[in-house]
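Novice: got a structure for you, letters missing:
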């Protein structure tokens with residue numbers, strides 16, 4: 001697509017201009033186009049922050065969607081809710097959300113493709129419909145977009161923090177405070193590139209609120225609410241304040257696991273969002289899974 005900037009559009013940022021010209025595309029999608037060099041101003045690639053001038057010529061190249069190369073698999077799904085726009089799934093512990101290069105099988109996406117073939121293609125070939133994700137060994141609620149319009153709408157909620165996600169976590173040690181707020185930036189760990197860490201220099205803003213639900217001899221059951229959604233956010237933040245999530249193999253390696261080696265005791269139990277079609281708030285909540293309840297019973 002080609003556009004010519006008129007006087008009323010001059011002096012605005014390139015990324016904002018694209019949002020005006022492509023209202024059906026998400027900011028994330030358009031930002032990726034700019035980063036990939038698919039947007040040119042007067043024949044040259046530009047940054048998202050570039051200020052446009054009258055008569056500038058803007059060229060936008062939107063690549064044709066590639067056919068999906070991930071196969072459907074008959075993997076059971078715990079469907080909490082479904083309509084023509086969204087699919088809410090209670091993901092079990094141990095199931096990877098989406099395929100990755102070299103690992104295209106036995107994921108939530110493979111299972112979803114078996115359930116319904118029409119999904120949003122915004123996140124590309126191997127992440128169809130995925131609006132947000134939770135870690136492999138974290139169980140709980142995840143929202144899937146069944147069309148591009150729903151995906152755009154839900155992605156904007158993630159950006160402006162109006163999609164509410166809450167978690168139960170069992171952490172090591174006894175937390176004395178009844179409530180807490182952890183406001184520390186998170187970025188890639190310098191020591192281990194496979195890990196995230198509190199990074200005050202290069203990290204992105206990350207805020208986690210928590211409330212104590214129950215205290216045990218050497219553990220605390222808490223509820224966590226995410227303001228931001230950084231990779232491994234709760235796991236990194238709780239480890240930073242010396243209360244790592246029980247069973248976490250990455251951020252609590254010295255932990256004497258109560259749950260053998262099955263992964264962290266972290267459950268995404270509540271999800272609130274504005275429905276993309278009705279524009280009304282909807283809320284979904286699940287009880288703690290049995291494996292989590294068994295551990296709580298032992299501690300009690």
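Specialist: Looks like it came in fine. Note that the structure is a prediction, hence the values are computed from the model and not measured.
Novice: what residue ranges in the stretch 201-300 of the chain score low on pLDDT?
Specialist: When the per-residue scores of the stretch 201-300 of the chain are filtered using pLDDT under 70, the ranges that remain are 253-261.
Novice: now the strands for it?
Specialist: 207-215, 219-226, 266-274, 281-285 (DSSP state E, counting those that start in this stretch).
Novice: And residue 40, its phi and psi?
Specialist: Note on residue 40: its backbone torsions stand at phi -130, psi 140 [degrees, to the nearest 10].
Novice: Next one: the residue most central in space within the chain, what pLDDT does it get?
Specialist: Centrality entry for the chain: nearest residue to the mean C-alpha point is residue 132, 3.1 Å, by C-alpha atoms, centre = their mean. In the prediction, the pLDDT value recorded for residue 132 is 84.
Novice: That one and residue 142 touch, don't they?
Specialist: Yes: at 6.8 Å, residue 132 and residue 142 qualify as touching, with contact defined as C-beta atoms under 8 Å. In this view, the C-beta of every residue, glycine as well, is placed from N, C-alpha and C.
Novice: Give me the below-cutoff pLDDT ranges for the stretch 51-200 of the chain.
Specialist: Along the stretch 51-200 of the chain, the model assigns pLDDT under 70 to residues 64-69, 101-103, 117-118, 120-128.
Novice: all helices of it, in order?
Specialist: Secondary structure of the stretch 51-200 of the chain by DSSP state H, counting those that start in this stretch: the helices cover 108-115, 148-159.
Novice: which stretch among those comes nearest residue 267?
Specialist: Of all the helices of the stretch 51-200 of the chain, the one in closest proximity to residue 267, counting by C-beta to C-beta, is helix 108-115 (15.8 Å).
Novice: Buried ones in that closest one, by neighbour count?
Specialist: Of the residues in helix 108-115, those scored as buried under the neighbour-count criterion (16 or more other C-beta atoms under 10 Å) are 108-113, 115.
Novice: What helices and strands are in contact with it?
Specialist: For helix 108-115, the helices and strands in contact under the criterion 3 or more C-beta pairs under 8 Å, 6 or more residues apart in numbering; DSSP states H and E are strand 86-91.
Novice: just to revisit the earlier point, mind putting the helices of the stretch 51-200 of the chain in a markdown table, distance to residue 240 included?
Specialist: Compiled in a markdown table, these are given as follows (distance: least, C-beta to C-beta, whole Å):
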| stretch | distance to residue 240 |
| --- | --- |
| helix 108-115 | 29 |
| helix 148-159 | 23 |
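Novice: Next, the buried residues of stretch 174-186.
Specialist: By 16+ other C-beta under 10 Å, the buried positions in stretch 174-186 come out as 175, 180, 182, 184-186.
Novice: Most widely separated two among those residues?
Specialist: It's 175 and 185 that sit farthest apart of these, by C-beta to C-beta, at 22.0 Å.
Novice: and the closest residue to residue 271 other than its chain neighbours, how far is that from residue 167?
Specialist: Beyond its immediate neighbours in the sequence, the residue positioned closest to residue 271 (C-beta to C-beta, 6 or more residues apart in numbering) is residue 141, lying 4.4 Å away. Here the criterion is C-beta to C-beta, to the nearest Å. By it, residue 141 lies 10 Å from residue 167.
Novice: Please apply the same query to residue 207.
Specialist: To residue 167, residue 207 is 14 Å away according to C-beta to C-beta.
Novice: Next: residue 47.
Specialist: Residue 47 is 36 Å from residue 167, where distance means C-beta to C-beta.
Novice: re the thing from before, now for residue 141 and residue 167: what residues contact both?
Specialist: In terms of C-beta atoms under 8 Å, 6 or more residues apart in numbering, residue 141 and residue 167 are both contacted by the residues 268-269.
Novice: With the flanking residues excluded, which residue is spatially nearest to residue 251?
Specialist: Nearest residue to residue 251, sequence neighbours excluded (C-beta to C-beta, 6+ apart): residue 239, at 4.1 Å.
Novice: do the same with residue 4
Specialist: Taking C-beta to C-beta, 6+ apart, and ignoring the residues beside it in sequence, residue 4 has residue 57 as its nearest neighbour in space, at 5.6 Å.
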